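K.L.:
sequence and predicted model, in that order:
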Amino acid sequence: MVRRGDAITEESMIESLISLGYTHGDASDTPGTYKKNWGTLTIRDACREETIQIEWFDTELDSIIVHRGDLREHV
C-alpha cells in the first residue's frame, strides 16, 4: 500500500503492477490495466469496481484519488 508523500518512482510502481499481473491499456474500461500519462498513473483495479489515479511531484506521491462510480475520494 502506498500513501501520499511516499517516495517511489513511476517506474517502480509500474513494475509492481506488472508483477501483480496488470497490463498496459486503457485503464478506464478494463479491470487489471494501467495507463501512464504525463506524471499521472491511472489504475483500473482488477478486483473492485474502482479506478485509482496517482500523481507525482518529482519522485514523491503528490495525490491519490480513488473513483468508485460517481464517488471521488482523495486518499
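P.N.:
Looks like it arrived, so ask away.

K.L.:
what residues does the longest strand along the chain touch?
P.N.:
The longest strand of the chain (DSSP state E) is strand 60-68. Applying CB atoms under 8 Å, 6 or more residues apart in numbering, the external contacts of strand 60-68 come out as 2-8, 48-56, 72-75. To be clear about C-beta, it is placed using only N, CA and C from the backbone, and glycine gets the same treatment.

K.L.:
again with stretch 36-45
P.N.:
Contacts for stretch 36-45 (CB under 8 Å, 6+ apart): 10, 13-14, 17, 22, 24, 27-35, 51-56.

K.L.:
which members of the residues you listed are positioned in helices?
P.N.:
Using DSSP state H, the subset of those located in helices is 10, 13, 14, 17.

K.L.:
buried subset of the residues you listed?
P.N.:
Buried by 16 or more other CB atoms under 10 Å: 13, 14, 17, out of the ones in helices among the contacts of stretch 36-45.

K.L.:
any idea how far residue 71 is from the second one?
P.N.:
Between residue 14 and residue 71 the computed distance is 26 Å (CB to CB, to the nearest Å).

K.L.:
these two touch, right, residue 8 and residue 2?
P.N.:
Yes - with contact defined as CB atoms under 8 Å, residue 8 reaches residue 2; the gap is 6.3 Å.

K.L.:
from the contacts of strand 60-68, list just the buried residues.
P.N.:
Of those, these count as buried by 16+ other CB under 10 Å: 51, 52, 53, 54, 56.

K.L.:
hey, what's the closest residue to the third one other than its chain neighbours bridged with?
P.N.:
Which is residue 53. Nearest non-adjacent residue to residue 53, counting by CB to CB, 6 or more residues apart in numbering: residue 65, 4.5 Å away. With DSSP bridges as the criterion, the beta-bridge partners of residue 65 are residue 53, residue 74.

K.L.:
burial measure for residue 65, as a count.
P.N.:
15 (other CB atoms under 10 Å).

K.L.:
please apply the same query to the one 3 residues further on.
P.N.:
The criterion is other CB under 10 Å. On that basis, residue 68 has 13 neighbouring residues.
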